[in-house]
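give the three-dimensional model of this entry:
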Amino acid sequence: MQQPLVSPGAGPIPSVPSQLPTNLFRYGEITLYSTHGFPAGTALANGAFRIFTTPLGAQGQGYVVGLTKTETNLKEGGRIPSGQAYDVYGVATQILGATTNAAGQIDFQNAAFDTAATILNLQNIVNNGVLAWDFTQTNVDICPIMLAGAGGGVFGAVSQNAADVSAGAMNNGNGGIWMYRKHPVALPGATTFAVVIQFGVHASAISGEIEEGEDLSVAIRVVLLGYYKSVIEIG
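Predicted coordinates for the structure are as follows:
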């Protein structure tokens, strides 16, 4: 009987599976994010606004044009891709100042919170907003917005010169992520979910001017930080 070729002194040939694997697991660390726009004049009191429901390129969540990569990275609204599990270990919330176009809709998301009126709107959202999971038949509170990537509420510095011109900006402090550090939320593949931004009765409407004749709009972007595991079929 023909013997296999082995090096002198080598140990026994290790056993190997009789079949090749049919799939491999791939792991990684990514974020899922979604944004809701609040044009000037939007009433917030007792409001509940669902996000992670509108996919990339579609209209919705306060936007009259399709959402771009800045607003979301979901290819399918409200669903984890099939064959991919996702564990959320952190939640962040970013509040964006925006300009308002002639039709009263969100225009450019580049406005600074650097005046009394704009800072008031930022504080209004940080102090009154609450995040919650919205699954098919279950709602679970996450935390107030001031704990979702803020941890200290409004942060920054603004100064005015003799000409009454402001310099600086305020934000909600994208600092330490407070939620799910020890016990991540598991979202299995094909899970249907959304996040709800809720406001109480004491929240005021989006109002105020960025500068004379330019109304302030606001956008809220929620980011889910976590790990994914996907199956790669190879046979």
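
neighbours of the nearest residue to Pro81 once chain neighbours are set aside, how many?
Using C-beta to C-beta, 6 or more residues apart in numbering and skipping residues adjacent in sequence, the residue nearest Pro81 is Gly189, 6.5 Å away. For glycine as for every other residue, the C-beta is placed from the backbone atoms N, C-alpha and C. Gly189: 16 surrounding residues under other C-beta atoms under 10 Å.

and Gly189, what does it touch?
Ile80, Pro81, Ser82, Gly83, Gln84, Ala85 (C-beta atoms under 8 Å, 6 or more residues apart in numbering).

show me what counts as buried in the one helix or strand Ile95 maps to.
Taking DSSP states H and E as the definition, one finds Ile95 inside strand 84-99. Residues 84-99 are the ones in strand 84-99 that count as buried (16 or more other C-beta atoms under 10 Å).

and that strand, what does it pack onto?
Counting contacts by 3 or more C-beta pairs under 8 Å, 6 or more residues apart in numbering; DSSP states H and E, strand 84-99 is packed against strand 23-38, helix 116-128, strand 129-135, strand 185-187, strand 214-233.

quick revisit: now do the SS call for the residue nearest to Pro81.
coil (DSSP: H, G, I helix; E, B strand; the rest coil).

could you measure from it over to Ile142?
22 Å (C-beta to C-beta, to the nearest Å).

just Thr115 next, same as before
30 Å.

help me confirm that Ile210 comes into contact with Ala111.
Yes - between Ile210 and Ala111 there is a contact at 5.0 Å, judged by C-beta atoms under 8 Å.
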